[in-house]
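K.L.:
need a 3D model of the following:
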Amino acid sequence: MATKAIVGEKVGMTQIWDDQNRAIPVTLVRVVPCRVVQVKTPESDGYSAVQVTFGAQRPSRLNKPEQGHFAKAGVEPGKRLVELRVDDAGQYSVGDEINATILSAGEKVDVTGVSKGTGVIWRGDQDYTVVAFDDPSADTRTARPPSSRRT
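P.N.:
Below you'll find the model as predicted:
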């Protein structure tokens, strides 16, 4: 688990040059301040984490349970709720703001990302199955079952 955590959005890639004139690839991340909505401790929840929100969202866009969750915490609603697993959640309290100042220049970080998810692209209405190559009865020229093969 991490000792520090923050939420950011990848903006793009670029490069910087060091003293020996070598190009170093750099990922640009936009970090907006996050507000702590809930602190989860091993005693109450079984694990240590901090639930944060970022950005701004009108309360009318939220359903009643989400409105109640933000109202109970006394935090302005945000675009999304994100849970960050940390070693010691006791150093945070509800309503605290987490921003990029927790990181120092040159510090190495671990990054976890969520892809856009473009879905699966299928060709037509073909049925695909997994074929075991050690099966002598399997037709290795196609991945379609023999019963659905068109002639």
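K.L.:
contacts only, for Ser48.
P.N.:
With contact set as C-beta atoms under 8 Å, 6 or more residues apart in numbering, Ser48 has these partners: 1, 40-42, 85-89. No exception for glycine: its C-beta is placed from N, CA and C like everyone else's.
K.L.:
of these, buried ones?
P.N.:
40, 86, 89 (16 or more other C-beta atoms under 10 Å).
K.L.:
against Gln38, how distant is the last one?
P.N.:
Spelled out, that is Ala89. 10 Å (C-beta to C-beta, to the nearest Å).
K.L.:
give me the common contacts of these two.
P.N.:
Val50.
K.L.:
and the closest residue to Lys4 other than its chain neighbours, how many neighbours?
P.N.:
What sits nearest to Lys4 in space, not counting adjacent residues and going by C-beta to C-beta, 6 or more residues apart in numbering, is Ile102, at 5.1 Å. Each residue near Ile102 was counted by other C-beta atoms under 10 Å, and the total is 12.
K.L.:
next: Thr53.
P.N.:
By other C-beta under 10 Å, neighbour count at Thr53 equals 24.
K.L.:
secondary structure element for it?
P.N.:
strand 49-54 (DSSP states H and E).
K.L.:
average pLDDT for that strand, rounded please.
P.N.:
Averaged over strand 49-54, pLDDT sits at 94.
K.L.:
partner strands of it, parallel or antiparallel?
P.N.:
Paired neighbours of strand 49-54 in the sheet (DSSP bridges): strand 34-40 (antiparallel), strand 80-85 (antiparallel).
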